[in-house]
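Chemist: below are the sequence and a predicted model; questions follow.
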Amino acid sequence: MDFDCIVIGGGHSGIEASLAVSRLGFKTLLVTQNPDMIGALSCNPAIGGLSKGNIVREVDALGGEMARLIDATMIQYRVLNRSRGPAVQSPRAQADKHAYRAAARSVLEKQKNLTIFMDTVIDLITDGGVHASVAGVVTCRGHRITARTVILAAGTFMEGKIFIGEYDAPQGRLGEEAAIGLGASLKRLGFPMGRLKTGTPARIAGDTINFSEMEKQDGDEMFPFSYDYDVVKRPSEFINSIEQSPCWITFTNEKTHEIIRANISRSPLYGGKITGTGARYCPSIEDKVVRFPQRERHHIFIEPEGLSTNEMYLNGASSSLPEDVQYDFIHSICGLEEAIIVRPGYAVEYDYIDPLDLYPSLESKRLGGFFSAGQTNGSSGYEEAAAQGLIAGINAAMKMLNHAPLILGRAEAYIGVLVDDLTTLGTKEPYRMFTSRAEHRLMLRHDTADTRLTPKGRDAGLVDDSRWERFLEKAKALDEITELLAKRKHNAVDDVNAGSFAASAGYPAELVERALLDIKYAGYIEKEKRFAAKAAKMDAIKLDPNMDYASIGGLSAEAREKLISVKPLNVGQAARIPGVRQGDIAVLIILMNRK
């Protein structure tokens, strides 16, 4: 074999996958169409957000890289939902997108066992046996590169096509060629494929914006995403300023909506050119105007793309309307009357694999050793992609070590919810993580990710000795703080000021705050733990993924069809499949008890 593992794609999923496999000691090749675009923030210049910030911290706790990358390149930091409960609070940071990309490439180039290669994968090499396994890849320049495992992380590039009004082109991002051929090859191999659509707004020149007409949005005190350190560290090689950059808020108006409605027939989305399903929870501006006609205005967030560029991102104004229409509706927005468009908004349509074709390890059910991660699995978002890339990378390594895969439970991590939703429920539209998708979200606070997942990262081999010692010291301090707080009168716990207590006891304020939250919500957390324990009992009843459900009497016809399709690994997963009823689960439990 030329390599132990080949990773296809240099986006956020490919970064985490290639780093995980190489850090676990395997010779890894990252194949990307353009090394200069590794880690590109294709859409919004930000990392984190509601539930997404939790995912970033979970990736970090497991030994991934995304948190360190955003810590090194953030230009504004905020905690969202501060006025609401801790279960739905989450950090978000604006990134200097050029610095982020440079930092990502730097980490990959310095990583032992990892090689970057510029080419485009167009086909897979398989062994052709009864239980087929992947054996490598074929590139457009004719290279046949062999490997024991392959991880697909192609993002929006697999058979990608962009749309701007009447214009379309085979591209995965504006100005970048699509990966043509691989989607057709996967179909030939029997993979169930579909088409999805996403989009991005125009970028405008910052010096042509009238900010005096807008609401200013400053950042909060910076706090690191990574558990590696206590304060944000921004190396001067990537960020040359210690100041935070403001964002701004403006709104569309009736004139904006009139322009869009008058030209809706020129939209490729409404004109029939786009066949892929778009994101329900991240609609284009034309979609908002059509779907919510009663709304008089919509938020537009003006976000800086970085410190070394004048470009600004129009969050909330994603569009694939013709460029002349984009000019008109943007100029109708308060503060943007004189705005110069640097890059137009566009939609992109691409191939994805039905994630029901994957095990929770993210390994293919039909091709051994072949893993898929990120938007290729039907998800959206940098954070969701990074999480899947990390899981796929860890499990590719576990497969080569003949170890059991790492599969996180829904009560253990948002990553567990993400992967379980995709591989158990599937998706017909771009999947986006929300706090509401996690039934145990009070147990999944962003400040507890290290406690939940660092031991698992240690077991996997991605948490080194220094981080492990830091984790143990922190765990000890939390125990001491909790013990001190428990000695106070119960009715005084809510009145404890974290800052003053920390100063008097000599502990960091954030650890005191975390301990206070654990005490305050202890009753709710214990209740969630009991529910999670019941679910864990169901998950502990293992099922053979190759079980012959057609021969099992007592199952409903719908359940039989769904079980054959999903191939659940345990009874708990089977119970979460739509169409599988309690009676069907009882049949499976009885059957497994007999065995």
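Modeler: Great, that's in hand.
Chemist: which residue ranges form the helices in the stretch 1-150 of the chain?
Modeler: For the stretch 1-150 of the chain, the helices defined by DSSP state H, counting those that start in this stretch cover 12-23, 52-62, 66-73, 97-110.
Chemist: can you convert those helices into CSV and add a column each for mean neighbour count and mean pLDDT?
Modeler: The C-beta positions use only the backbone N, C-alpha and C, and glycine is treated the same way. As requested, these are exported to CSV (neighbours: other CB atoms under 10 Å; pLDDT from 0 to 100):
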stretch, mean neighbour count, mean pLDDT
helix 12-23, 30, 98
helix 52-62, 29, 98
helix 66-73, 27, 96
helix 97-110, 20, 97
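Chemist: nearest to Glu526, of those helices?
Modeler: Proximity to Glu526, assessed across the helices of the stretch 1-150 of the chain by CB to CB, is greatest for helix 52-62 (20.8 Å).
Chemist: for the closest one, packing partners?
Modeler: helix 66-73, strand 90-95, helix 382-400, helix 414-420, helix 449-460 (3 or more CB pairs under 8 Å, 6 or more residues apart in numbering; DSSP states H and E).
Chemist: hmm, back to that, using JSON lines, lay out the helices of the stretch 1-150 of the chain together with distance to Leu80.
Modeler: Shown next, in JSON lines, are those (distance: least, CB to CB, whole Å):
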{"stretch": "helix 12-23", "distance to Leu80": "20"}
{"stretch": "helix 52-62", "distance to Leu80": "7"}
{"stretch": "helix 66-73", "distance to Leu80": "15"}
{"stretch": "helix 97-110", "distance to Leu80": "20"}
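Chemist: tell me, how many residues neighbour Thr309?
Modeler: Neighbourhood size, Thr309 [other CB atoms under 10 Å]: 16.
Chemist: nope, Pro508 is what I was after
Modeler: Around Pro508 there are 14 other residues, counting by other CB under 10 Å.
Chemist: for the one 4 residues further on, same thing?
Modeler: When counting by other CB under 10 Å, one arrives at 25 neighbours for Val512.
Chemist: disregarding residues adjacent in the polypeptide, which is nearest to Gly553?
Modeler: Distance criterion CB to CB, 6 or more residues apart in numbering; nearest residue to Gly553, sequence neighbours excluded, is Val587 at 8.0 Å.
Chemist: wait, doesn't that neighbour sit right on Leu555?
Modeler: Yes: using CB atoms under 8 Å, Val587 makes contact with Leu555 at a distance of 5.7 Å.
Chemist: give me the more crowded residue out of the two.
Modeler: Leu555 (22 against 17).
Chemist: SS state for the residue nearest to the more buried one when sequence neighbours are not counted?
Modeler: With sequence-adjacent residues excluded and distances taken as CB to CB, 6+ apart, Leu555 is closest to Asp584, at 5.3 Å. When classified by DSSP: H, G, I helix; E, B strand; the rest coil, Asp584 comes out as helix.
Chemist: can you check Glu237 too?
Modeler: Per three-state DSSP, Glu237 ends up coil.
Chemist: tell me the SS of the residue nearest to Gly553?
Modeler: Under three-state DSSP, Val587 comes out as helix.
Chemist: re the thing from before, got a list of what the residue nearest to Leu555 touches?
Modeler: The contact partners of Asp584, taken as CB atoms under 8 Å, 6 or more residues apart in numbering, are 554-556, 559, 563, 574.
Chemist: repeat for Lys197
Modeler: Contacts of Lys197 (CB under 8 Å, 6+ apart): 269, 274, 276-279, 347-350, 430.
Chemist: and the two most separated of these?
Modeler: For the contacts of Lys197, and using CB to CB, no pair is farther apart than Leu269 and Tyr350, which are 15.0 Å apart.
Chemist: about what we covered before: same list (the contacts of Lys197) but as JSON lines, adding secondary structure.
Modeler: Rendered in JSON lines, the data for the contacts of Lys197 read as follows (three-state DSSP):
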{"residue": "Leu269", "secondary structure": "helix"}
{"residue": "Ile274", "secondary structure": "coil"}
{"residue": "Gly276", "secondary structure": "coil"}
{"residue": "Thr277", "secondary structure": "strand"}
{"residue": "Gly278", "secondary structure": "coil"}
{"residue": "Ala279", "secondary structure": "coil"}
{"residue": "Ala347", "secondary structure": "strand"}
{"residue": "Val348", "secondary structure": "strand"}
{"residue": "Glu349", "secondary structure": "strand"}
{"residue": "Tyr350", "secondary structure": "strand"}
{"residue": "Pro430", "secondary structure": "coil"}
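Chemist: all set now, cheers.
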